[in-house]
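J.: Quick one: sequence and predicted model below, then my questions.
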Amino acid sequence: MTIDTWGRVRSELATTIGKDAFNNWIKPLELIDEAGGVARFSVPTNFFGDWVLRNYGDRILQGLVDGGSRIERLDFQVVKPTSPAERPSPSTSAPQPRPETSRSSQPRDAAAELPGSPLDKRFTFDRFVVGKPNELAHAAARRVAEGGPVTFNPLFLYGGVGLGKTHLMHAIAWEIQKRTPQARVLYLSAEQFMYRFVQSLRFKDMLGFKAMFRSVDVLMVDDVQFIAGKESTQDEFFHTFNALVDQHKQIVISADRAPGEISGLEERIKSRLQCGLVVDLHPTDYELRLGILQSKAEVQAGHYPDVRLADGVLEFLAHRISTNVRVLEGALTRLFAFASLVGREVTLDVAQECLADILRASDRKVTIDEIIRKVADHYNLRLSDMLSPRRARAVARPRQVAMFLSKMLTSKSLPEIGRRFGGRDHTTVIHAVRKIEELKAVDNQIAEDVELLRRMLEA
Ligand code: ADP
Ligand code: MG
């Protein structure tokens, strides 16, 4: 029987042509059927079939004939992956073509289909909160999305983790697709770019690869630092890049740092990247974090209509959680889920308890000592005044400000804070926190003092 024969030919090839060649070229072959003197095999791409025929055709044919098959010719067909039930023949002895190898033939077969990454529905301009740290990046992204004559190419967005690079790129893609549905927008990570490239090398489909990348109107490559040090991928990226720029196609790139700072990136690529507009997303500040939290809390409130956040909770999170927006979002999601489960209003204490691990991890490491020193300085008091039992307003008010800041900026418990202020009770601290919260709303001077001190301590 031919399938058995094919099985024997395969094992023979496995020992004669070497493991790598076998895994690359023979293993993916699947015998479909044998009729009229022709043995038909499925292959992932046409190039793949040509290669196998040229290099191993004779040996395969000879092996089959030696095994007793009446075969005169081999035939290779590109077969899209199907479920086992739909397969034309029960040749289960051969592995099925892996979906990703089959996909690499698509640029040749279906020119309309682009192998990009899916876009996140939530990552639109509507949902992007703009503040000082990201306003330039946002404006540039908008401009690119709105099209018209290309003013800066490429647009290079860079910044730390979780600051909204991917969000802005998706927003550009959504907006372009909305405005110009026929535009071919390709968004993918640099890692995927490399993967496609390596696949096309492996399956000798470089022409397909090049044609596909050169056919897009807008190319967006996310996290380009990934290809640093990967020479041939960089090379191909550079050629793709140049070809598109020459055709006046828009390119948008992101990375975790500026082009000049990516080590292992070739100079010519760095300078090409610097030719366009390079904008960075700065670490978020308090105001931006609060704005983002407010906007996300509204969305969450839609999912959890019963949950209520006490006043000051969002402010607390904005103070205490690091600049990474992803962490901020995670904290908020957890709070809402927690509150809806336990059916309690989310107070500051609930928030602290529920997010203890996140708060610890993003602790700014402001110490109570520092707070006491800065506050004393600010109000022109001696350190001993802050810790003394004196209750005169001139001393008591600054002390309350310091307690408030200790609660806001450190993860120390109320009793611990009380102890550090000359051995006071935790109820005194609670009182201080409430008092300052109230005063902030009605007394501009206090509000300004607190804000100024907070900035100094967090700087
Ligand atoms: P990066 O790609 O820079 O690491 P992302 O774009 O993946 O960061 O952003 C991380 C998360 O934070 C995403 O869920 C994103 O929607 C959100 N995010 C970041 N910046 C903003 C912003 N300014 N407004 C709203 N959401 C934001
Ligand atoms: Mg990203």
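T.: Arrived safely, thanks for sending. Ligands and ions are numbered 1, 2, ... in the order given.
J.: Residue numbers of the stretch 251-400 of the chain in contact with ligand 1?
T.: Taking C-beta under 6 Å from any ligand atom as the contact definition, the stretch 251-400 of the chain meets ligand 1 at 292, 325, 326, 329. No exception for glycine: its C-beta is placed from N, CA and C like everyone else's.
J.: Model confidence score at residue 27, please.
T.: For residue 27, the pLDDT comes out at 87.
J.: What distance do you get for it to residue 147?
T.: According to C-beta to C-beta, to the nearest Å, residue 27 and residue 147 sit 47 Å apart.
J.: In contact with residue 324, which residues?
T.: 160, 161, 162, 163, 362 (C-beta atoms under 8 Å, 6 or more residues apart in numbering).
J.: tell me which element the residue of the stretch 301-450 of the chain found nearest ligand 2 falls in.
T.: Of all residues in the stretch 301-450 of the chain, the one sitting closest to ligand 2 is residue 326 (9.2 Å; C-beta to the ion). Using DSSP states H and E, residue 326 sits within helix 325-342.
J.: So for the helix or strand just after that helix, mean pLDDT?
T.: Per DSSP H and E, the first helix or strand lying C-terminal to helix 325-342 is helix 348-354. Mean per-residue pLDDT for helix 348-354: 89.
J.: So for helix 348-354, what gets flagged as buried?
T.: Within helix 348-354, the residues scored as buried using 16 or more other C-beta atoms under 10 Å are 348, 350, 351, 352, 354.
J.: how about these in CSV, adding distance to residue 414?
T.: Listed next are the buried residues of helix 348-354 as CSV, based on distance: C-beta to C-beta, whole Å:
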residue, distance to residue 414
348, 11
350, 14
351, 14
352, 10
354, 17
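J.: before we move on, the earlier item: please name the nearest non-neighbouring residue to the residue of the stretch 301-450 of the chain closest to ligand 2.
T.: Distances taken as C-beta to C-beta, 6 or more residues apart in numbering place residue 162 nearest to residue 326, at 3.9 Å, with adjacent residues excluded.
J.: Check what pLDDT that neighbour gets.
T.: In this model, residue 162 carries a pLDDT of 92.
J.: Assign a three-state SS to it, would you?
T.: Here residue 162 is recorded as coil under DSSP: H, G, I helix; E, B strand; the rest coil.
J.: and of the buried residues of helix 348-354, the nearest to residue 14?
T.: residue 354 (56.9 Å; C-beta to C-beta).
J.: Contact partners for the closest one?
T.: 334, 335, 338, 346.
J.: looking at it, the last one is touching residue 335, isn't it?
T.: By that I understand residue 346. Yes. Here residue 346 reaches residue 335: they are 5.6 Å apart, a contact under C-beta atoms under 8 Å.
J.: ok, so what distance separates the residue in the stretch 301-450 of the chain positioned nearest to ligand 1 from residue 406?
T.: Ligand 1 sits closest to residue 325 of the stretch 301-450 of the chain, with a gap of 3.4 Å, by C-beta to the nearest ligand atom. Distance, residue 325 to residue 406, using C-beta to C-beta: 26 Å.
J.: Likewise for residue 231?
T.: Counting by C-beta to C-beta - residue 231 and residue 406 are separated by 53 Å.
J.: What of residue 156?
T.: From residue 156 to residue 406 the distance is 42 Å (C-beta to C-beta).
J.: in the helix or strand hosting residue 53, what counts as buried?
T.: Element membership for residue 53 (DSSP H and E) is helix 46-66. Buried positions in helix 46-66, judged by neighbour count with 16+ other C-beta under 10 Å: 46-49, 51-53, 56-57, 60-61, 63-64.
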